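1. structure for the following, please:
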Amino acid sequence: MSSGRHALPSRWGKLYREIAKFGMVGASGFVVNLAVFNLIRTVTDWQTVRASVLATVVAIMSNYLGLRYFAYRKRAQADRNSRRKELTLFLFFSAIGLVIENSVLYATTYGLGWDSTLATNVSKFLGIGVATLFRFWSYRTWVFRTAGTRRTAGSLPEPVMPYPEPVLSGSWERT
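-> I've put the predicted structure just below:
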């Protein structure tokens, strides 16, 4: 744990880098999701939500590879069981995200009757946005955790060290 006046900027810098990497993977997943969705809608006569679910599943698979081997590659797994647990948690939270994302599409398509190409793409975009917030929180909290952050039930987190008082020195200071 770093201390001193650079501790907080260092933590924020790590969070910003994590958000940037997550965003890059998410952006590629977003493109995959919309491309597959529109391809299915163009080539087949599948219902809107069914096509969206398949597109989301394809994007989830590509996102796992990007997150595991790009965004969170430094968060190593100890053994085969931890990899299995990570993948299981990833798929669990991704399924919740899939439901969130496609619920928005379902509500606008079947609840409001907006089934044009533009309306379904806007609805899908909004659903992906809401689900992305949930996914970022759940992946970083439960799936891709750093080593040593697993706490047992009833344990308290480490206390945050306050900033130390600045030490003034220089020729202007009176002695």
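
2. could you use CA atoms for every contact and neighbour count after this?
-> Will do.

3. number of residues surrounding Y110?
-> The tally of other residues near Y110 (other CA atoms under 10 Å) stands at 12.

4. and it, how far is that from W137?
-> Here Y110 is placed at a distance of 29 Å from W137 (CA to CA, to the nearest Å).

5. show the contacting residues for K85.
-> Residues counted as contacts of K85 (CA atoms under 8 Å, 6 or more residues apart in numbering): none.

6. that one: which element?
-> Using DSSP states H and E, K85 sits in helix 80-106.

7. now the helix of greatest length in the chain: mean pLDDT?
-> Determined from DSSP state H, the single longest helix within the chain is helix 7-43. Averaging pLDDT along helix 7-43 yields 85.

8. residues contacting the residue lying closest to L105 once chain neighbours are set aside?
-> Leaving aside its sequence neighbours, L105 sits nearest to S123 (CA to CA, 6 or more residues apart in numbering; 5.2 Å). With contact set as CA under 8 Å, 6+ apart, S123 has these partners: 104-105, 108.

9. now, which of these sits nearest V32?
-> V32 lies nearest to L105 out of the contacts of S123, by CA to CA, at 17.1 Å.

10. my guess is that closest one contacts F125. True?
-> No - with contacts counted by CA atoms under 8 Å, L105 stays clear of F125, the gap being 9.0 Å.

11. neighbour count winner among those two?
-> More crowded of L105 and F125, by other CA under 10 Å: L105, with 27 against 18.

12. how much space is there between that one and A71?
-> 28 Å.

13. any idea of the pLDDT on A147?
-> In this model, A147 is scored at 48, pLDDT.

14. what do you get for R174?
-> Residue-level pLDDT assigned to R174 equals 51.

15. not counting stretch 13-24 itself, show me its contacts.
-> Residues outside stretch 13-24 that contact it (CA under 8 Å, 6+ apart): 67, 70-71, 136.

16. what's the following helix or strand after the longest helix of the chain?
-> Counting by DSSP H and E, the next helix or strand C-terminal to helix 7-43 is helix 48-66.

17. just the buried positions in that following helix, please.
-> Neighbour-count burial for helix 48-66 flags 48-49, 51-60, 62-64, 66 (criterion: 16 or more other CA atoms under 10 Å).
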